[in-house]
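Engineer: need a 3D model of the sequence below.
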Amino acid sequence: MKYCEKCKVVVPSGRERCPLCQRFLTETDQQGYDDEIFPYIPTIYHQYNLLIRFLLFLSVTICVICITCNLLFWTHSWWSLFVLAGVGAGWATVAQAIRKRSSFCKHVLYQLVTIALVVVIFDLMTGFHRWSFNYLIPALCSFSMIVIASIAATGHRSIENYIIYMVVSAVFSMVPVIFLLTGWTTVLWPTVLTAAASVIYLAALVLFIGKDTWSELKKRLHL
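Structural biologist: Numbering: from 1, shown residues only. A predicted model of the protein is given here:
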């Protein structure tokens with residue numbers, strides 16, 4: 001039998017760590033049975049272990065081949081770095097999708113930030129023509145508002161569960177205005193349209209579900 005000093009419980013199994021706090025277990029003289037009573041629940045990593053390893057192997061192989069070809073045949077530019085960045089961004093997206101699969105709205109916001117960073121890096125690597133700030137980031141912000149609003153309208157849970165994500169997506173959509181004021185954005189209309197949509201979005205929240213919106217914000221922000 002094994003015992004957890006922190007949780008003060010006897011663990012009737014052959015495991016080395018406590019299933020509650022993950023601290024190492026110590027041997028005890030208390031009597032009981034040694035059969036495992038905690039059910040094994042496979043994670044998505046265990047369920048698709050072979051597929052994930054194959055895709056990782058394929059990704060590494062593609063990156064190595066691209067770097068090799070870049071060094072041997074096309075040495076005038078480091079185009080292989082774009083491949084590495086794309087593969088890395090793809091795996092970052094997959095990892096976030098797995099971690100946030102229980103909350104799709106939160107996943108949308110994480111993806112918004114991740115993809116925005118990736119496109120800015122690509123823009124910088126290609127000479128910084130500002131297409132990321134002019135078009136991509138405003139488009140991503142608008143898309144996130146549309147997706148989260150659609151989920152809230154068609155979801156099975158009450159609207160209160162989506163309010164915080166709707167507010168955050170609207171606030172994110174005001175960020176391109178900062179880029180415009182700092183001079184990073186050179187094309188006016190995508191930023192203006194996104195900011196206008198954000199204001200309308202927030203106005204709809206305040207006017208139609210204002211009570212629930214303030215209540216949810218106070219609860220989330222501990223006001």
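Engineer: can you name the element that comes right after the least confident helix or strand in the chain by mean pLDDT?
Structural biologist: None of the helices or strands of the chain scores lower by mean pLDDT, DSSP states H and E than helix 44-47, at a mean of 58. Downstream of helix 44-47, the next assigned helix or strand under DSSP states H and E is helix 49-72.
Engineer: and the helices in this protein?
Structural biologist: 44-47, 49-72, 80-99, 104-125, 131, 137-154, 160-172, 175-182, 188-221 (DSSP state H).
Engineer: of the ones you listed, which is nearest residue 23?
Structural biologist: helix 44-47 (22.7 Å; CB to CB). All C-beta spots, glycine's among them, are computed from the backbone N, C-alpha and C.
Engineer: next one: residue 21 from residue 12, what distance?
Structural biologist: For residue 21, the distance to residue 12 equals 17 Å [CB to CB, to the nearest Å].
Engineer: so the two - more neighbours on which side?
Structural biologist: residue 12 (16 against 11; other CB atoms under 10 Å).
Engineer: related to what we said a few turns ago, next, format the helices of the chain as TSV and append distance to residue 8 and mean neighbour count.
Structural biologist: Listed next are the helices of the chain as TSV, based on distance: least, CB to CB, whole Å; neighbours: other CB atoms under 10 Å:
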stretch	distance to residue 8	mean neighbour count
helix 44-47	30	10
helix 49-72	35	12
helix 80-99	31	15
helix 104-125	35	17
helix 131	60	15
helix 137-154	43	19
helix 160-172	36	19
helix 175-182	49	16
helix 188-221	33	15
